[in-house]
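Q: Here's my sequence, what's the structure:
(chains A and B)
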Amino acid sequence: MNFQLTEERQMLQDGLRRYLGDAVTPAALAAAEATGSSPEIWAGLSEMGVAGALFTEDQGGFGGMGFDLMTVFEELGRSGATEPMLELLLAGGLVAELGTEAQKGLIEQAVEGSVQLAFAHGEPASRFDVERVETRAERSDEGWSLTGRKSVVANGAQADHIVISARTSGEARDRDGISLFLLPKGTAGVETRDYPLSHGGHAAEITLDGVSLPESALLGAEGAAIEAIETAQARATAALCADALGAMETARGLTGDYLKTRKQFGQPIGKFQALQHRAADMLIEIEQARSAVINLCGHLEADRDTREIHVSATKHLVGKVARLVAEEAIQMHGGIGMTEEYDLGRFARRLSMLDQRFGDATFHLGRFVRLRAA
Amino acid sequence: MDLSFTEEQKAFRAEVRRFLDEKLPKRLSDKGRLGQRLTKEDYEEWHAILNEKGWLAGNWPKEHGGAGWNAVERHIFEEETTAAHAPRIVPFGLAMLGPVLQKFGSREQQDYWLPRILDGSDWWCQGYSEPGAGSDLASVKTTAERDGDHYVVNGQKTWTTLGQYANMIFCLVRTSKEGKPQEGISFLLVDMNDPGVTVRPIVLLDGEPEVNEVFFDNVRVPVENLVGEENKGWTYAKYLLTHERTNIAGVGFANAGLANLKRIAKLEQSQGRPLIEDPLFAAKIAEVEIALMAMATTNLRVVSAAAAGQAPGAESSMLKVKGTVIRQEINALTKQAVGPWAMPFVSEALDAGSNEGPVGPDYAMAATPHYLNNRKLSIYGGSNEVQKTIIAKAILEL
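A: You can find the predicted model right below:
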């Protein structure tokens, strides 16, 4: 039993915390509004080689394990950075697992920061159902022809290459019959609507109308992508929960400082026992969330069923705690916590959006029950 | 015990419904239904329609141009207008200042200001909170010093809702530093167009500049704008807050929000069926609905007592806590119900008639802004923590 970070991960954490603490300034956040991320911070992260932590040595990185993800994403969440690292993890992970040698060249470019990636999987009707794919890919003379719509594709308009799912056989909710393709930016027939997200970053609606792709665009075996998608989403869920954990720590820190300095009725409001107990509850729940993230990160390499039980357990618990922390942090601040100009706001919004991606707390509670019963 | 409304009350409800059918512009109710932004002109249009009918000031006595409704009638009106997605009545002049002037204002003040509230000549805002006086309202520091037939006002107010639309502000100002903090406060009416008044918008988490800071730099206010007696403002402020707290439960808003939530949960598909058929999500809706059913009756118990002439005391604190928690839960479930569609934030889509439409279904676009914005419910008007302290002191005698 050892809950200490390895020396390498500790160095990565320290370096990231220092760098992001300096780099994520109001000016950098303002500069990020147009596209969802700041070119300077992306370049800075690339220079540090941070993305290498998301991949194993075989894949061209120096990490790739659950606790590597936790280290990186907790710091991104703590700083409130909006750079599309999660999209790199998702799309890059799929390329690393399924790609041909030629396709895997993308990983190196992504790690050095010269290309951005995105994963286009969700659709207007799919909500959190990972196997619900209605976009179709049919064989054509050139290779493949794709038609359909992908929704809320994070970094979709900015990505140089999109890993996109499409059905090559079967019905909308079948597990079998889902294939993945590599879609380069600027491909004819692709319509993109770019928009900002509530918690920073950008996403896009991507409509494909008979989009022609060469045979070589197929990523992995035809019709057999679901397990790789689940694996990638499990890893991304761990990363997103670690991100939320970092954001919770910042929200807690801001709240603690405020309780010590804000005076009402002649004393710091932190002297009121009613608020002390709530701040204590918040701390207890954040420690629960930390343990849940550790549980998931420690089981990402386990067999599929074990891993997925931890995915649902962690996403459920962290989803609940994220809501509690966001709401309690605002409430204990009072009016100032409601404002855009105070720093808490962007962390509260980030936490309030955790439930909207990869399944909310209720969804994963039900899924946990089913997985445990199986 | 009889839970039913009287025949007169039912007839009144039918009359309100008919009126809304005929007079509430669809343009306005569509905005309400979709959660889109209301402009100053939207509010003014709705106020004018109500005023023409004599229903703008339901809580005012007839002698002042009000409808003279009792608490039950006001409750019915509130229920029907929120169910129809009508704009809310902007409360600052009608629900807050009006009753204070009627109780404590001079004849001249009543004759001058009250008709101007009804016909929309003045848009009032509330100058209570300050950066250092939130929950602890009695610690206001904005000063008003007498200089001949004027007061000279210096200081700062904050959280001034819709202050950007207002031309008048009623303020709590310090006129004496003697005695307890409550004893040196006066209630002053200030023209926001006077030299020395500056308004700065504050953008909230939903991206809207709903509240403002208002700065006073040697603003000269005629002494006839003092309401009641100097240094007695705390009494008037408390009287105003009891009026602010009528309808504090927000039953109408909660009912409308619950109906909207159920509609969305029927339309959203999850795992091959409507979300509302997911037993876990359905249970969450049911829990909040059951709480709302009980709270609505608590509200009617208080309303009924008020109609019989009993002034609501700490009961309104209970309604405030329970009502806001229920509304916030409905907001949270609505955000949950729209799933990934809660993430896109297209600000332009919240303006009716904009070229930029919502990304997902139209019912989804306001879910996140409303969730974030309504975190204010448990903060404003005396935070829920302050309400619990009132309950502990006034009812539990702790």
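
Q: what's the closest non-adjacent residue to residue B:330?
A: residue B:257 (4.2 Å; CB to CB, 6 or more residues apart in numbering or on different chains). Quick note: C-beta positions are derived from backbone N, CA and C, even for glycine.

Q: What is the burial count for residue B:49?
A: Around residue B:49 there are 18 other residues, counting by other CB atoms under 10 Å in any protein chain shown.

Q: Model confidence for it, exactly?
A: Residue B:49 carries a pLDDT value of 98.

Q: tell me the strands in chain A, going along the chain?
A: A:117-120, A:136-139, A:143-154, A:161-167, A:178-184, A:190-196, A:202-214, A:218-219, A:263-264, A:267-268 (DSSP state E).

Q: Of the ones you listed, which is nearest residue B:105?
A: Closest approach to residue B:105 among these (CB to CB): strand A:263-264, 30.6 Å.

Q: if you look at stretch A:27-39, does any of it touch chain B?
A: No - using CB under 8 Å from any CB of the partner chain, stretch A:27-39 stays clear of chain B, with a minimum separation of 11.2 Å.

Q: ok, so what distance separates the residue nearest to residue B:330 from residue B:333?
A: 9 Å (CB to CB, to the nearest Å).

Q: who touches residue B:351 in this structure?
A: With contact taken as CB atoms under 8 Å, 6 or more residues apart in numbering or on different chains, residue B:351 is in contact with B:36-37.

Q: how close does it get to residue B:208?
A: Counting by CB to CB, the gap from residue B:351 to residue B:208 is 11 Å.

Q: Now for these two: what residues contact both?
A: residue B:37.

Q: Per-residue pLDDT of residue 10, please?
A: Answering for chain A, as no chain was given. So residue A:10 comes in at 96 (pLDDT).

Q: Let me rephrase: I mean chain B.
A: 96.

Q: What count of nearby residues applies to it?
A: Residue B:10 sits with 12 neighbouring residues when counted by other CB under 10 Å.

Q: host element of it?
A: Element membership for residue B:10 (DSSP states H and E) is helix B:7-23.

Q: So which residue of chain A lies furthest out from the middle?
A: residue A:266 (43.7 Å; CA atoms, centre = their mean).

Q: same deal with chain B?
A: Taking CA atoms, centre = their mean as the measure, the residue most remote from the mean C-alpha position of chain B is residue B:272, 40.6 Å away.

Q: Let me see the contact set for residue 63.
A: Reading this off chain A. Contacts of residue A:63 by CB under 8 Å, 6+ apart are A:9, A:52-56, A:69.

Q: try again with chain B
A: For residue B:63, the contact set (CB under 8 Å, 6+ apart) is empty.

Q: Skipping its backbone neighbours, what lies nearest residue B:155 in space?
A: That would be residue B:142: by CB to CB, 6+ apart, it lies 2.8 Å from residue B:155.

Q: from what I can see the one you found touches residue B:175, true?
A: No - if you go by CB atoms under 8 Å, residue B:142 and residue B:175 don't touch, sitting 10.3 Å apart.

Q: The longest helix along chain A vs strand A:161-167, what angle?
A: Secondary structure assigned by DSSP state H gives helix A:226-261 as the longest helix of chain A. Helix A:226-261 and strand A:161-167 meet at an angle of 120 degrees, taking axes from the mean of the first three to the mean of the last three CA atoms, to 10 degrees as the criterion.

Q: between helix A:226-261 and strand A:178-184, how many degrees?
A: Interaxial angle of helix A:226-261 relative to strand A:178-184 (the same axes, to 10 degrees): 70 degrees.

Q: coming back round to it: in helices, which of the contacts of residue A:63 appear?
A: Within the contacts of residue A:63, residues falling in helices by DSSP H are A:9, A:69.

Q: Show me the helices in the stretch 201-350 of chain B, by range?
A: Applying DSSP state H, counting those that start in this stretch to the stretch 201-350 of chain B gives helices spanning B:233-244, B:251-267, B:279-307, B:315-337.

Q: Now for residue 297, how many residues are close by?
A: Just going to use chain A. Per other CB under 10 Å, the neighbour tally for residue A:297 reads 24.

Q: Oops, wrong one, chain B.
A: Residues within reach of residue B:297, counting by other CB under 10 Å, total 13.

Q: what secondary structure does the closest residue to it other than its chain neighbours sit in?
A: Computed as CB to CB, 6+ apart, the closest residue to residue B:297 that is not its neighbour in sequence is residue B:3, at 7.6 Å. Secondary structure state of residue B:3, per DSSP: H, G, I helix; E, B strand; the rest coil, is coil.

Q: ok, residue B:3 to residue A:152 distance?
A: From residue B:3 to residue A:152 the distance is 46 Å (CB to CB).

Q: Neighbour count for the two, which is higher?
A: Ranked by neighbour count (other CB under 10 Å), residue B:3 and residue A:152 place residue A:152 first, with 27 against 6.

Q: picking that back up, show the contacting residues for the residue nearest to residue B:330.
A: Here residue B:257 is in contact with B:327, B:330-331, B:334 (CB under 8 Å, 6+ apart).

Q: Most neighbours out of those, which is it?
A: Neighbour counts for the contacts of residue B:257, by other CB under 10 Å, peak at residue B:330, which reaches 27 neighbours.

Q: so it makes contact with residue B:255?
A: No - using CB under 8 Å, residue B:330 and residue B:255 do not qualify as a contacting pair, with a distance of 9.5 Å.

Q: Check which helices and strands the worst-scoring helix or strand of chain B on mean pLDDT sits against.
A: When each helix and strand of chain B is scored by mean pLDDT, DSSP states H and E, helix B:233-244 comes last, with a mean of 83. Using 3 or more CB pairs under 8 Å, 6 or more residues apart in numbering or on different chains; DSSP states H and E, the elements in contact with helix B:233-244 are helix B:98-104, strand B:168-174, strand B:185-191.
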